[in-house]
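*Asks:* Model the structure of this input:
(one chain, ligands or ions: 2)
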Amino acid sequence: MAEIIAIVNQKGGVGKTTSAVNVAACLAAAGQTTLLIDADPQGNSTSGLGISKANLQKSFYHLLMDEARLEDIVMDTPVANLHILPANRDLLGVDHDLAVKEARETQLKRLLDSQLRRPDGSDKYNFVIIDSPPNLNILAINIMAAASRLIIPTPPEYLPLEGLADLIDTFKRVRATVNPRLSILGVLITMYMATNNLSKEVTQNLRQNMGQLVFDTIIPKNVRLAEAPSFCVPIIMYDPRSAGSLSYQAVTREIMDRVGLK
Ligand code: ATP
Ligand code: MG
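*Replies:* Numbering: from 1, shown residues only. Ligands and ions are numbered 1, 2, ... in the order given. The predicted structure is shown next:
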């Protein structure tokens, strides 16, 4: 089965989309056939890879409502081996639509379980990376129910950290109910500022409290990472030697290591 990794944090603006797009691109560049699922009505992963949100015939919403099949929605991206299930505003009312479904928390899991394989039983993708919305609503629960592992990006500041306890409670509840094999692959420190004492302090704190769960690699604050989406490509294509690019390549190696790939 494909490794399904969801990038989650109910706090907004912590680097979920930046991490999802760039980790997915680095995995693809390492030869891993990868599907990026944009599961956020903001559609930032979609537009960040140059796909026009306004003109989508079908999107992730239609998969989730079982109105279209994965292979009819998936699109190519500027990166070889990287495919995307795009999203747009269609997803805005999805919690309401899911609430009336019978198995409302496991709708996505059921659909992916059956559609991520070819008829001969082989996997279509080595990795599926899911970019999540900034909340813990029913869609977010569906994402955690469908994933095998979670990556939690967080800037090293106190406010974003406050939400971590709620997120971990939700993770435990999902694991205890609909997805017993779910695990946390790692906490990823994002937007780190080496000149800022708070960055250093909170990072130290996180490592003390969460130990090995925190990735060794730290993603620095790097303006090239913020610029890349407006050029519709991931950082490894926009500025491959930038600090942001090198850090996403390094954390991708850690991710492959942690899931048992070299
Ligand atoms: P949302 O919760 O709204 O979906 P998010 O968690 O997906 O937000 P991003 O969109 O990845 O967060 O990042 C928020 C903003 O910060 C974006 O403008 C992004 O380009 C910028 N950004 C993310 N990571 C970095 C970084 N390491 N250095 C500089 N800018 C960054
Ligand atoms: Mg986002």
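
*Asks:* Could you give me the buried positions within the strand or helix carrying L161?
*Replies:* Per DSSP states H and E, L161 falls inside helix 158-162. Buried residues in helix 158-162, counted by 16 or more other CB atoms under 10 Å: P160, L161. The C-beta positions use only the backbone N, C-alpha and C, and glycine is treated the same way.

*Asks:* Please enumerate the strands of the protein.
*Replies:* For the chain, applying DSSP state E gives strands covering 3-7, 34-38, 75-76, 82-85, 127-131, 149-154, 183-189.

*Asks:* Give me the contact status of the helix holding L161 with ligand 1.
*Replies:* No - using CB under 6 Å from any ligand atom, we find that helix 158-162 stays clear of ligand 1, coming within 9.5 Å at best.

*Asks:* Could you pull up the mean pLDDT of that helix?
*Replies:* Averaged across helix 158-162, the pLDDT comes to 82.

*Asks:* likewise stretch 58-71?
*Replies:* Model confidence over stretch 58-71, given as mean pLDDT, is 97.

*Asks:* How about stretch 204-220?
*Replies:* For stretch 204-220, the mean pLDDT works out to 96.

*Asks:* Stretch 144-153 now?
*Replies:* If you average the pLDDT values across stretch 144-153, you get 98.

*Asks:* Quick one: distance of it to the chain centre.
*Replies:* Stretch 144-153 sits 8 Å away from the centroid of its parent chain (CA atoms, centre = their mean, to the nearest Å).

*Asks:* related to what we said a few turns ago, present the strands of the chain as CSV; the columns should include mean neighbour count and distance to I236.
*Replies:* Converted to CSV, these look like this (neighbours: other CB atoms under 10 Å; distance: least, CB to CB, whole Å):
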stretch, mean neighbour count, distance to I236
strand 3-7, 25, 17
strand 34-38, 28, 13
strand 75-76, 13, 17
strand 82-85, 24, 10
strand 127-131, 28, 15
strand 149-154, 23, 18
strand 183-189, 21, 17
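
*Asks:* For F231, which non-adjacent residue is spatially closest?
*Replies:* Of all residues not flanking F231 in the chain, Y238 sits nearest, at 5.4 Å (CB to CB, 6 or more residues apart in numbering).

*Asks:* actually P86, not the one I wrote
*Replies:* Distances taken as CB to CB, 6+ apart place T46 nearest to P86, at 4.1 Å, with adjacent residues excluded.

*Asks:* so the one you found sits right up against A39, yeah?
*Replies:* No - here T46 does not reach A39: they are 10.5 Å apart, not a contact under CB atoms under 8 Å.

*Asks:* Need the residues touching each of those two.
*Replies:* A87 (CB atoms under 8 Å, 6 or more residues apart in numbering).

*Asks:* re earlier: elements contacting the helix holding L161?
*Replies:* Under the contact definition 3 or more CB pairs under 8 Å, 6 or more residues apart in numbering; DSSP states H and E, helix 158-162 sits against helix 197-210.

*Asks:* Spit out the contact partners of the residue nearest to F231.
*Replies:* So Y238 contacts R224, E227, A228, F231, S245 (CB under 8 Å, 6+ apart).

*Asks:* ditto for P220
*Replies:* M191, Y192, M193, A194, A243, G244, S247.

*Asks:* make it 6 Å
*Replies:* Each residue near P220 by CB atoms under 6 Å, 6 or more residues apart in numbering is listed here: Y192, A243.

*Asks:* Between which two of the contacts of Y238 is the distance greatest?
*Replies:* Distances among the contacts of Y238 were taken as CB to CB; the most separated pair is F231 and S245, at 13.1 Å.

*Asks:* Next to ligand 1, which bits of the stretch 151-262 of the chain? Give me the list.
*Replies:* So the stretch 151-262 of the chain meets ligand 1 at T190, M191, I219, K221, N222, V223, L225, A226, G244 (CB under 6 Å from any ligand atom).

*Asks:* Export those residues as CSV, with columns for neighbour count and distance to K200.
*Replies:* Listed next are those as CSV, based on neighbours: other CB atoms under 10 Å; distance: CB to CB, whole Å:
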residue, neighbour count, distance to K200
T190, 23, 15
M191, 22, 13
I219, 24, 15
K221, 18, 13
N222, 21, 17
V223, 11, 21
L225, 27, 20
A226, 13, 22
G244, 23, 19
